[in-house]
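K.L.:
Turn this into a model:
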Amino acid sequence: MRTSARRTSRVLALVLGAVTSLTALSGMASADDMDAPYARAAAKVASDGTVLASKNVASVTRGTGTSAAGVYCVQVSDPNVSDDLDDAAIVATLNNYRGEITAIGAPHGYCGNATDTITVVTSNSSGTPADRPFTVAVL
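P.N.:
Residues are numbered from 1 along each chain as shown. Below is the predicted model:
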């Protein structure tokens, strides 16, 4: 009986160790895991404004100055980047959709004229404002 108790304890310890190791190694995907080594800030955003992955981005919200579809406010978290948005090279692209996208680095009314925020406006291929998934980066 004593031998089976030790064996059970060892097996239990091994199983718990394996489960703990797998959890630590696999981890949970977070919005701060974007692989963008040459971007100073970047975000991959779903059409509803959910941040799928990011680097140096504090949040993405819907535009406050309008109720129109397709307006997003991307707040940059790194002051070294956000202080330079007016003069930065900002690129944006739609993800798996045809349409149009505009990224504005200067303060804009749609996003409360915030100086640390990129205003992103998306539309469908006819030019009508529409919610679209996108990626934006500050180089």
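
K.L.:
Quick check: residue 96 touching residue 134?
P.N.:
No. Using Cβ atoms under 8 Å, residue 96 is not in contact with residue 134; the gap is 10.0 Å. (C-beta placed from N, C-alpha, C; glycine too.)

K.L.:
Number of residues surrounding residue 81?
P.N.:
The number of residues packed near residue 81 is 18, by other Cβ atoms under 10 Å.

K.L.:
hang on, I meant residue 83
P.N.:
Residue crowding around residue 83 was assessed by other Cβ under 10 Å; the count is 13.

K.L.:
Who has more neighbours out of residue 96 and residue 134?
P.N.:
The residue with more neighbours, out of residue 96 and residue 134, is residue 134; 25 against 6, by other Cβ under 10 Å.

K.L.:
Let me know the pLDDT of the more buried one.
P.N.:
Residue 134 carries a pLDDT value of 99.

K.L.:
same thing with residue 68?
P.N.:
Here the pLDDT value assigned to residue 68 is 75.

K.L.:
Count the neighbours of it for me.
P.N.:
Residue 68: 15 neighbours (other Cβ under 10 Å).

K.L.:
Report the contact partners of it.
P.N.:
Contact partners of residue 68, counting by Cβ atoms under 8 Å, 6 or more residues apart in numbering, are residue 129.
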